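[1] Curious how this folds, go ahead:
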Amino acid sequence: MSSSPPFVSGQPRPRPGFAPSANPNAAVATHNPQIGRSPPPYGAPRAASPSPFSASSLPGPPPPFASRPPPQGAAALSQGLISSNGPPVAGLASQRFPPPPPVQQTAPVAAPASIRAPPPSAAPSQAPGVQSFPGSPPAVAPASLPLMGSPASQSFSRPPPTHTPFAGPPASQPPFAGPRTSQPPSAGQPTSQPPFPGPPTFQRPFAGPPSSQPSFGGPPTSQPPFAGPPTSQPPFAGPPNSQPPFAGPPYTGPPTSQPFGASPTVQPFTGAPYAGRPSSPSYLGPQSSQPFSGPRTAATPFGAPAWSSQPRQVAPSMPGAVQAPPTMFGMPPSTPGQSMPAIPPALGHSSLAGPQASTPSKVDPNQIPRPMPSSSVILFETRQGNQANAPPPATSNFIVKDNGNCSPRLMRCTMNQIPCTGDLLSTSSMPLALMVQPLALPHPSEEPIQIVDFGDSGPIRCSRCKGYINPYMRFIDHGRRFVCNLCGFTNDTPRDYYCNLGPDGRRRDADERPELCRGTVEFVATREYMVRDPMPAVFFFLIDVSMNAVQTGATAAACSAISQSLADLPDGPRTMVGIATFDCTIHFYNLRRPSQQPLMLIVPDVHDVYTPLQTDIIVQLTECRQGLEQLLENIPSMFDNNKVAESAFGAAIKAGFLALKPTGGKLLVFQSVLPSVGIGSLSSREAEGRTNVSAGDKEAHKFLQPADKTLKTMAIEFAEYQASCLVCVDIFITSQTFVDIASISVVPTTTGGQVYYYYPFSALSDPGKLYNDLRWNINRPQGFEAVMRVRCSQGLQVQEYSGNFCKRIPTDIDLPAIDSNKTIMVTFKHDDKFQENSECSFQCALLYTTVYGQRRIRVMNLSLPCTTMLSSLFRSADLDTQFACFLKQAASMIPVSPLSQVHEQITNLCINILHAYRKFCATVSSAGQLILPEALKLLPLYTLALAKSIGLRNDGRLDDRSYWISHVASISISLAIPVVYPRMISIHDLTTKEDDGSPLALYIPLSSEHINDDGIYLLENGEDGLIYVGNMVNPDTLQQIFGVSSVDGLPSQLVLEQFDNELSKKLNDVVNEIRQQRCSYLRLRLCNKGDPSGMHFLSYMVEDKSPGGLSYVEFLVHVHRQIQTKMS
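    Model (predicted):
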């Protein structure tokens, strides 16, 4: 075996099977793209002049795309009816990777003994605004503020396209300005007047994954693994133009005192480069870049910053600091005549509850727990002093140092101490589960995941349980044998892996081997892990061209999005594409005609589907690029007069599977109407389902189940086909009518794909989101033909997996595709007892193929202490992970149980947990006082919000509820709370808010008490952004934001424009910041008071009393009474 340092230097080695481009900039991904861009109208001529922001000016790789919601602030210690304990916790509202606020100078600390000190050039320093998480050492504040947005001199873009679809408003259009309502959406004006454009190419905060974070594995060459598009166009940006559409004032970069490109100043990662040992495996070091990124530059060891330049940050006190309870948000006062139960004073306090004051006779709405914002950056060490540290909240902004446990972004447990017995777990009523997001985007300042190559012998594994070598396997007998931490079996150490033990019993080379000192590593897979050659990157597009799709503009929008996204596909000869259209027949296109128009091949039989000329319909992108672009431009006009209303959706995806059968790949389907003919045809059942719901039918939930098993059987075939590679299906539903998502969604759910839902589809406002969603789908870190298994220590066993996958055997799950947004839930149960003070280990292994054909094994390890104390379980409970578990469990129950039963079960989950704490952990106190564990004090609020969410309401459309179920099945922990408890901010007063923090940190409780008739409010849940306009808003404010002087002049469909005033600019900045945080384009809708859209907005006010639910105060009283009943 050979050895090499983890950070490969010098000439990069060639990628197997890939001919590097002669253009040195060909693999460079764009930097810091601005989101919010809509694609230009289809069919307009492209600018002939070269772009002023050419690829040659690229400064480096793009920053990662922040997907985590912002942290919440701490709720005040409640008094009266509710008592909470402990310090405030971070919550929901600040950005994931915000610009760092200032911090105080602290003294440097020495590195832990188990970690090697880095050379001076490799040791980043403490970032401004970065504070250590409890358990992490202090750090040194730097002299400047790095990690800011790119300067204006580093602007770049892709050369202008030859045609610009959806051209529209003039070049003077302000940034992010969509076409005015008086302008036709698809006018086809010159390139300088695009109607659906986005921000200038030189201001792009909405970027893809970080280049400094490898880990998704292409070969460590100049062409990075998962490298983003070989062009300069970044993900989540509109199509490039020589005249940047929606271009506001040019971005001038951060202040000169805050240089861009400096190393992120964080707590030094004390690990030195591995120097190499004769008997050691070869350490390739971190992959050359984050998947789908450009190559790393020499300017900074961590690549480009991850956020746009917004230096304003609020710096709250450090978690755990002693401070007075913060002021709480108010609640609406009790209505006249409404009485609240008298609450006698507490007689004592729990050791975990903190001091408890005498209670008033009524609930004080200002003292009930609510999430509060926090914008501080937390430095988190996964282990310290040979003990696991509890991670910061999933919704907070933190930088991880891997000291043996994996990053909590990758794997997180519902409790950070494991109960020794099953009885103790049952008593707590809390779930024991892991949330695994194996390809989650890291923070740009984190140390990259290292790749370990053991050569032909493959990674070291336990011979009994097949667990992979990790930091918790104990070497004995002078290093000749090792004991598996998962099954306890004693294995012989391979001769070429032998090393003496030090005085502390550890191998002397442990700190030089990533697999022995890091919680996450990536092994190079050998031939024994392959049943066939790794599959190429194949993308097959299926477009609905039925009459409805063409008339609504969905077909043109899909063609435009695909055409503009071709440049973002992985570069190289392994990338292949194909395309077909369908209505009541299927139309394939022969793309192997470089000098001629693609030839249409029609398959009329939609009951017994076949694929004609298989070798000619999927070809290398480099061979057919020009012809495919021309075909996509012509498809809308080819079917412009199509009168066929039927859709053979099932037959089309079966035909796509047959085309992909020899290679495998991704099938991206654009569907607009209900499948009505051929295989898997469906009939509309919306009216019947609505009637059954309104009549109170106990079987109404069956309409949320698939209508039949045809599509499910087909999906299993896609995911289990072993003679060749697997097929993943993603569906983009651009519909204005019922399409039966309950039946259609089983295909992406089974194949590891995703449903995108645009209802009601608007040709004016939705093409931008469709384009950006498709682009991120292609660009995000992902892998193909994956298999995942979770192992755990003896004493626990895996009970169930939950998510988007196919399962053929009990221990493994098959994932035709896995990406950075997908989360798998794994639940556990006890089968034995743990010894007190021992540790329980979890190991997740993901075998997958990169888009460049490299087979990798990502191994994530987590070791947590075991306890016999119930109080320790509550103290170490993880609210975000537990609520994500509740959310996914509720989604799985909705289609199989009556809605009333689902409501009762999720409410009882909350009550049982709080009752267990009250009964076994709280000291003697008044029976009239509700005591909440500090770690779970927001659980009642989130439970109430879940009960009022669209999936658990019977007044919603069947498709809306079915989409919600599909969406939350694979949702990440950081987005689980916003999907039911959205974030609301006022936007009419953005210019009057303080400039020392993001406006997103000043969000409002979800209560109509805080909505005024003269205000404008933005509410976002990670998918949609609702802008509510009161009926008494100042005309000047309306003019500044919307360009109209009265509420009556507001458009029915919103395309947010940027006008030449401060308020409009700040609103656009806020929307872009949200889009960056949520990893989503954020579809904007206008809601007016007094009409149905206004009622839709108010339905998100979960703290209010509703026709089908209690107010927040009433729910707390209900929970309290239920606990009293159980206590008595």
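[2] And the contacts of stretch 678-689?
    Defining contact as Cβ atoms under 8 Å, 6 or more residues apart in numbering, one finds that stretch 678-689 is touched by 584, 606-607, 609, 648-651, 654, 674-676, 700, 703, 707-708, 710-711, 714, 738, 740, 743, 957-959. Placement of C-beta: from N, CA and C, glycine included.
[3] Repeat that for stretch 894-914.
    In this structure, residues lying in contact with stretch 894-914 by Cβ under 8 Å, 6+ apart are 428-430, 698, 700-702, 704-705, 742, 886, 889-890, 893, 930, 932-933, 936, 939-940, 943, 946-947, 951-952, 954, 961, 965, 1119, 1122-1123, 1126.
[4] Restrict that stretch to CA atoms and write it as PDB.
    The C-alpha trace of stretch 894-914 is given here as PDB (Å, rounded to 0.1, in the frame of the first residue of the first chain):
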ATOM      1  CA  ILE A 894     -52.100  10.000   8.000                       C
ATOM      2  CA  PRO A 895     -52.900   7.700   5.000                       C
ATOM      3  CA  VAL A 896     -53.700   4.700   7.200                       C
ATOM      4  CA  SER A 897     -55.600   6.200  10.200                       C
ATOM      5  CA  PRO A 898     -58.600   8.500  10.800                       C
ATOM      6  CA  LEU A 899     -57.500  12.100  11.200                       C
ATOM      7  CA  SER A 900     -58.900  12.300  14.700                       C
ATOM      8  CA  GLN A 901     -56.800   9.300  15.700                       C
ATOM      9  CA  VAL A 902     -53.600  10.900  14.300                       C
ATOM     10  CA  HIS A 903     -54.400  14.100  16.300                       C
ATOM     11  CA  GLU A 904     -54.900  12.200  19.400                       C
ATOM     12  CA  GLN A 905     -51.700  10.200  19.000                       C
ATOM     13  CA  ILE A 906     -49.400  13.200  18.400                       C
ATOM     14  CA  THR A 907     -50.900  15.100  21.300                       C
ATOM     15  CA  ASN A 908     -50.500  12.100  23.600                       C
ATOM     16  CA  LEU A 909     -46.800  11.800  22.500                       C
ATOM     17  CA  CYS A 910     -46.300  15.300  23.900                       C
ATOM     18  CA  ILE A 911     -48.400  14.700  27.000                       C
ATOM     19  CA  ASN A 912     -46.700  11.400  27.900                       C
ATOM     20  CA  ILE A 913     -43.200  12.900  27.700                       C
ATOM     21  CA  LEU A 914     -44.100  15.900  29.800                       C
END
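[5] Given the strand or helix carrying L434, what are its sheet partners and their directions?
    Using DSSP states H and E, L434 falls within strand 433-436. Applying DSSP bridges, strand 433-436 is found paired with strand 411-413 (antiparallel), strand 824-830 (antiparallel).
[6] And that strand, what's buried?
    By neighbour count on 16 or more other Cβ atoms under 10 Å, the buried set for strand 433-436 is 433-436.
[7] for the very next helix or strand once past it, packing partners?
    Following strand 433-436 in sequence order, the next helix or strand is strand 450-453 (DSSP H and E). On a contact count with 3 or more Cβ pairs under 8 Å, 6 or more residues apart in numbering; DSSP states H and E, strand 450-453 meets strand 282-286, helix 514-517, strand 520-524.
[8] average model confidence for strand 450-453?
    The predicted model assigns strand 450-453 a mean pLDDT of 96.
[9] same question, stretch 719-731
    Averaging pLDDT along stretch 719-731 gives 81.
[10] now do stretch 1121-1128
    92.
[11] List the contacts of that stretch.
    By Cβ under 8 Å, 6+ apart, stretch 1121-1128 touches 911, 914-915, 918-919, 927-928, 930.
[12] So which bits of that stretch are buried?
    Using 16+ other Cβ under 10 Å as the test for burial, stretch 1121-1128 gives 1122-1123.
[13] Only alpha carbons, please: show that stretch as CSV.
    Taking C-alpha atoms only, stretch 1121-1128 is exported to CSV below (Å, rounded to 0.1, in the frame of the first residue of the first chain):
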residue,chain,number,x,y,z
ARG,A,1121,-55.0,19.1,32.8
GLN,A,1122,-54.1,15.9,31.1
ILE,A,1123,-50.9,15.6,33.1
GLN,A,1124,-52.9,16.4,36.3
THR,A,1125,-55.3,13.6,35.4
LYS,A,1126,-52.5,11.1,34.9
MET,A,1127,-50.9,12.2,38.2
SER,A,1128,-54.1,11.6,40.1
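[14] what separates the residue nearest to A707 when sequence neighbours are not counted from G803, distance-wise?
    In space, not counting the residues next to it along the chain, A707 is nearest to S743; the distance is 4.7 Å by Cβ to Cβ, 6 or more residues apart in numbering. As judged by Cβ to Cβ, to the nearest Å, S743 and G803 stand 20 Å apart.
[15] Could you report the pLDDT at the residue nearest to A707?
    On the pLDDT scale, S743 is placed at 96.
[16] The strand or helix carrying it - contacts with which helices or strands?
    Per DSSP H and E: S743 is located in helix 741-744. Under the contact definition 3+ Cβ pairs under 8 Å, 6+ apart, helix 741-744 sits against strand 727-734, strand 755-758, helix 958-969.
[17] Quickly compare those and say which is most buried.
    For those, average neighbour numbers computed from mean count of other Cβ atoms under 10 Å are highest in strand 727-734, which has a mean of 27.
[18] partners of that strand in the sheet?
    Next to strand 727-734 in the sheet, as set by DSSP bridges, lie strand 665-671 (parallel), strand 755-758 (parallel).
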